[in-house]
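> Would you be able to build a 3D model of this:
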Amino acid sequence: MGVSDDCDGGSLSSSRGSRGWGGGIKSLTRRKQVDSANDKKGPQLAKELSVPYLVAIGVGSTIGAGVYILVGTVAREHTGPALTISFLIAGIAAALSAFCYAELSSRCPSAGSAYHYSYICAGEGLAWLVGWALLLEYTLSGAAVARGISPNLGFLFGGQNNLPAFLSRQYIPGLDITVDPFAAVLVFVVTGLLSVGIKESTLAQAIVTTANVCVLLFVIIAGTYLGFKSGWVGYELPTGYFPFGVDGMLAGSATVFFSYIGFDTVASTAEEVKNPRRDLPLGIGASLSICCALYMLVSVVIVGLVPYNAMDPDTPISTAFASHGMDWASYVITVGAVTALCSTLMGSLLPQPRILMAMARDGLLPSFFSDVNERTQVPIKSTLVTGIGAAILAFFMDVSELAGMVVSTNVNFEYSYNGYVLGILVSVGTLVAFTMVAISVLILRYVPPDEVPLPPSLHESIDSFALQYGESSKKSNGKDPKVIVISSKDSAQPLLDEVDVSVEIPLIAKHLHIGNYVMNESKRRKIAGWTIMLTCIGEFLLAYSASSLGFPSFLRYSLCGVGGALILSGLVVLTCIDQDDARHSFGHAGGFICPFVPLLPIACILINVYLLVNLGAATWARVSVWLVLGVVVYLFYGRTHSSLRDAVYVPTAHADEIRHGSANYVA
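Numbers count the residues shown, from 1 in each chain. Below you'll find the model as predicted:
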């Protein structure tokens with residue numbers, strides 16, 4: 001992954017760049033440092049956020065208006081009264097990804113979230129695809145949310161036709177489209193808030209999110225009162241608690257899982273957090289816990305007020321209150337839906353500029369996107385570009401058309417906004433990100449990068465360091481090996497080509513049996529690396545074969561068996577072998593540590609891969625168009641402009657010494 005795995009930690013070596021396809025493939029695996037973004041000169045992002053702000057971002061980005069509809073749809077079709085358990089199982093599944101995010105965000109607290117972690121642990125190619133996919137998802141979800149606000153407001157005015165002219169949609173006969181000026185204006189307003197400053201925009205989101213949470217608390221408290229008053233008629237059914245069986249409950253869990261997407265937005269603000277090692281894990285964990293508790297409490301109340309088979313699939317909460325004589329509650333619930341949409345819109349537009357900025361910092365996109373405003377300390381150019389893009393989509397395209405760009409579905413959009421569809425809408429990029437974050441945790445624990453990329457300005461210091469240690473080694477033991485230091489640039493020549501010098505391994509030499517130690521460590525890393533890769537392949541085979549009901553039984557069961565065997569053997573091997581000692585010092589040590597490794601990341605990968613496979617061929621066909629465009633952009637721009645193109649990789653153990661030597665030389 002940009003470095004040679006057989007590096008023993010003492011020799012200065014890096015993979016030789018080459019011309020043509022060899023260099024292109026090598027560029028896909030080069031990895032950057034944890035704090036490479038912090039080395040940039042110029043204005044930096046403001047460190048203004050603490051735990052309360054992070055919780056507001058996480059809860060506001062996660063709890064959308066979908067919860068006001070989702071309880072009716074899922075209860076009627078999948079779970080019945082067992083909807084609460086489905087929300088619990090989905091919350092636990094989401095928590096697996098949250099644990100992985102918590103460790104990586106505290107260890108690698110820079111902007112970019114999953115893109116940044118993938119670049120550090122997996123390599124440039126996969127990081128590019130993750131970042132590129134997330135850009136599409138956040139743009140489309142922001143536009144879809146904005147399009148859903150004016151119809152919800154229409155309910156407060158007595159219907160769509162009664163909306164004021166500046167709020168209503170307008171049909172253009174010549175173009176056969178319905179434009180939504182209010183949606184575009186709202187996107188511009190949110191973009192302006194995000195441009196003012198991270199603290200100001202987060203404060204606005206906290207206010208809107210608080211209003212949404214208050215509405216949900218009203219639903220819980222008032223609904224509980226009505227439930228005790230009426231005797232909880234929804235639970236007194238002859239079909240029992242599991243009318244669709246355990247399979248239906250699990251299917252409901254897979255559906256409501258998408259309602260938890262959004263907590264990862266917290267990780268995108270890592271560079272703006274005052275104390276990331278403490279605050280980021282707390283912010284991620286607290287926001288997910290609050291969302292899970294609210295979802296479960298709302299579902300407990302609503303499925304108890306009305307029998308699941310009598311629920312209105314479009315307005316389940318309003319209808320439930322109306323059936324008990326509280327028709328006025330529908331206005332309160334609509335206000336909650338509108339505030340939920342506004343907070344989700346802010347959460348959708350917040351991460352995009354930071355991902356663009358991170359990719360531009362790394363040279364994969366033009367430097368225009370990496371500029372940080374000196375006064376507001378936000379990436380204002382990236383914010384404006386993403387805001388304009390989302391506003392154009394929101395103005396011209398209907399919600400169903402936006403959803404159709406990513407997923408084919410037969411969900412009725414007449415009620416203006418369906419939270420489940422929005423969850424699917426952002427699912428591809430987010431699930432890919434969740435998967436890569438879990439893989440990155442395994443890499444960090446078992447095969448963390450053991451080489452560091454240094455800039456071309458340190459070439460002389462690297463040469464001097466290699467020669468100095470080489471001469472020292474020859475005098476002390478008379479050995480005559482070689483040291484090769486090679487730039488990763490495609491057309492580069494080695495800085496030291498077959499020089500008769502050697503570098504001792506002072507840190508390892510203090511332990512017994514240098515040769516045996518290096519050999520054992522090298523074997524451990526190779527075994528761990530291959531095991532992680534084969535385990536991921538096994539999880540894909542298991543998820544794909546389990547979902548492919550059209551396959552012949554023999555083929556399907558055979559693939560399931562092979563996949564299950566690879567997963568089980570991978571789990572056993574990773575449990576038995578030691579984790580890498582470098583994990584203790586990798587990145588910013590002292591933060592949150594993900595528990596139950598390797599079991600937890602492997603389970604997280606399996607869940608996310610299963611959900612990705614079940615998005616369907618039509619979904620992937622549409623997303624593939626965007627991904628192919630991303631590949632073209634990377635090949636013709638990102639690969640050749642990467643900040644690591646001229647980097648020289650040296651063992652981590654010697655990186656600080658080389659930097660120190662360079663500083664002394666300059667001095």
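> Which residue, neighbours along the chain excluded, lies closest to residue 647?
In space, and not counting its chain neighbours, residue 647 is closest to residue 453: 3.6 Å by C-beta to C-beta, 6 or more residues apart in numbering. For every residue, glycine as well, the C-beta is placed using N, CA and C.
> Run a quick neighbour tally on the one you found.
22 (other C-beta atoms under 10 Å).
> tell me which element it falls in.
Using DSSP states H and E, residue 453 falls within strand 451-454.
> partner strands of that strand, parallel or antiparallel?
For strand 451-454, the paired strands and their directions (DSSP bridges) read strand 648-651 (antiparallel).
> in stretch 613-625, what's buried?
613, 615, 619, 622-623 (16 or more other C-beta atoms under 10 Å).
> In helices only, show me these.
613, 619, 622-623 (DSSP state H).
> about what we covered before: quick check: pLDDT value at the residue nearest to residue 647.
Confidence at residue 453, expressed as pLDDT, is 85.
> you'd agree it is up against residue 120?
No: shown here, residue 453 and residue 120 do not form a contact pair, counting by C-beta atoms under 8 Å, at 10.9 Å.
> what sits in contact with each of the two?
Here residue 453 and residue 120 share the contacting residues 31-33, scored by C-beta atoms under 8 Å, 6 or more residues apart in numbering.
> Quickly find the element holding the closest residue to residue 211 other than its chain neighbours.
Residue nearest to residue 211 in three dimensions, not counting chain neighbours: residue 339, with 4.4 Å by C-beta to C-beta, 6+ apart. Using DSSP H and E, the element containing residue 339 is helix 329-349.
> Between the two ends of stretch 64-82, how far is it?
Terminal residues of stretch 64-82 lie 22 Å apart, using C-alpha to C-alpha, to the nearest Å.
> likewise stretch 585-602?
The first-to-last residue distance of stretch 585-602 comes to 23 Å (C-alpha to C-alpha).
> Next, the buried residues of it.
Applying 16+ other C-beta under 10 Å to stretch 585-602 flags 586-587, 591-594, 597-598, 600-602 as buried.
> So residue 241 sits against residue 249, correct?
No: applying C-beta under 8 Å as the test, residue 241 and residue 249 come out as separate, 9.3 Å apart.
> who touches both of those two?
When C-beta under 8 Å, 6+ apart defines a contact, the residues bordering residue 241 and residue 249 alike are residue 82.
> Which one of these two is surrounded by more residues?
Shown here are residue 241 and residue 249; by other C-beta under 10 Å, residue 249 has more neighbours (22 against 14).
> The more buried one - that's part of a helix, no?
Yes: assessed with DSSP: H, G, I helix; E, B strand; the rest coil, residue 249 lies in a helix.
> okay, now residue 578: neighbour count?
When neighbours are defined as other C-beta under 10 Å, residue 578 has 10 of them.
> Now do the same contact list for it.
residue 524.
> Likewise for residue 80?
Each residue near residue 80 by C-beta under 8 Å, 6+ apart is listed here: 237, 239, 241-244, 248, 303, 308-309.
> do you know how far it is from residue 311?
For residue 80, the distance to residue 311 (C-beta to C-beta, to the nearest Å) stands at 10 Å.
> Below-threshold pLDDT in the stretch 101-250 of the chain: ranges please.
159-162 (pLDDT under 70).
> Quick check: the gap between residue 135 and residue 114.
Taking C-beta to C-beta as the criterion, residue 135 is separated from residue 114 by 12 Å.
> of these two, who's got more company?
Taking neighbours as other C-beta under 10 Å, residue 135 and residue 114 compare with residue 114 leading, 31 against 22.
> Next up, the contacts around that one.
130-131, 134, 264, 267, 433-434, 436-437.
> now, which of those sits nearest residue 201?
Residue 201 has its nearest neighbour among the contacts of residue 114 in residue 267, at 17.0 Å by C-beta to C-beta.
> I figured that closest one was touching residue 101, is that so?
Yes: using C-beta under 8 Å, residue 267 is in contact with residue 101, at 5.1 Å.
> Looking at pLDDT only, which of the ones in helices among the buried residues of stretch 613-625 scores worst?
Least confident entry in these, by pLDDT: residue 619, with 74.
> So that one is in contact with residue 428, correct?
Yes: at 6.7 Å, residue 619 counts as touching residue 428 under the criterion of C-beta under 8 Å.
> show me what contacts residue 295?
63, 67, 87, 91, 256, 259.
> Quick one: neighbours of the fourth one, just the number.
Summarising burial for residue 91: neighbours were counted as other C-beta under 10 Å, giving 22.
> and if you look at the second one?
With neighbours defined by other C-beta under 10 Å, the count for residue 67 comes to 27.
> OK, contacts around it?
216, 259, 294-295, 298, 340, 419.
> Give me the buried subset of the contacts of residue 80.
Among the contacts of residue 80, those buried by neighbour count (16+ other C-beta under 10 Å) are 243-244, 248, 303, 308.
> low pLDDT regions in the stretch 351-500 of the chain?
Applying pLDDT under 70 to the stretch 351-500 of the chain picks out residues 398-426, 459-460, 462-500.
> Please repeat the previous calculation with a cut-off of 50.
404-425, 473-474, 476, 479-500 (pLDDT under 50).
> most neighbours, which of the contacts of residue 67?
Neighbour-wise, the contacts of residue 67 (other C-beta under 10 Å) top out at residue 340, 30 neighbours.
> ok, now which ones touch that one?
By C-beta under 8 Å, 6+ apart, the contact set of residue 340 is 63-65, 67-68, 212.
> Which helix or strand contains the residue nearest the centre of the chain?
Closest residue to the average C-alpha location of the chain: residue 433 at 3.9 Å, with C-alpha atoms, centre = their mean. Assigned by DSSP H and E, residue 433 belongs to helix 427-446.
> Alpha carbons of that helix, as PDB, please.
Extracted as PDB, the C-alpha positions of helix 427-446 are listed here (Å, rounded to 0.1, in the frame of the first residue of the first chain):
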ATOM      1  CA  SER A 427     -26.700   4.900   1.500                       C
ATOM      2  CA  VAL A 428     -24.200   4.000  -1.200                       C
ATOM      3  CA  GLY A 429     -21.500   6.400  -0.300                       C
ATOM      4  CA  THR A 430     -22.100   6.200   3.500                       C
ATOM      5  CA  LEU A 431     -22.100   2.300   3.500                       C
ATOM      6  CA  VAL A 432     -18.900   2.300   1.500                       C
ATOM      7  CA  ALA A 433     -17.500   4.700   4.000                       C
ATOM      8  CA  PHE A 434     -18.600   2.600   6.900                       C
ATOM      9  CA  THR A 435     -17.000  -0.500   5.300                       C
ATOM     10  CA  MET A 436     -13.700   1.200   4.700                       C
ATOM     11  CA  VAL A 437     -13.600   2.700   8.200                       C
ATOM     12  CA  ALA A 438     -14.000  -0.800   9.700                       C
ATOM     13  CA  ILE A 439     -11.300  -2.200   7.300                       C
ATOM     14  CA  SER A 440      -9.100   0.700   8.400                       C
ATOM     15  CA  VAL A 441      -9.400  -0.300  12.000                       C
ATOM     16  CA  LEU A 442      -8.200  -3.800  11.200                       C
ATOM     17  CA  ILE A 443      -5.300  -2.400   9.200                       C
ATOM     18  CA  LEU A 444      -4.400   0.000  12.000                       C
ATOM     19  CA  ARG A 445      -4.300  -2.800  14.600                       C
ATOM     20  CA  TYR A 446      -2.500  -5.500  12.600                       C
END
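> so how many other residues sit close to the residue nearest to residue 202 when sequence neighbours are not counted?
What sits nearest to residue 202 in space, not counting adjacent residues and going by C-beta to C-beta, 6+ apart, is residue 53, at 4.7 Å. Neighbours of residue 53 under the rule other C-beta under 10 Å: 24.
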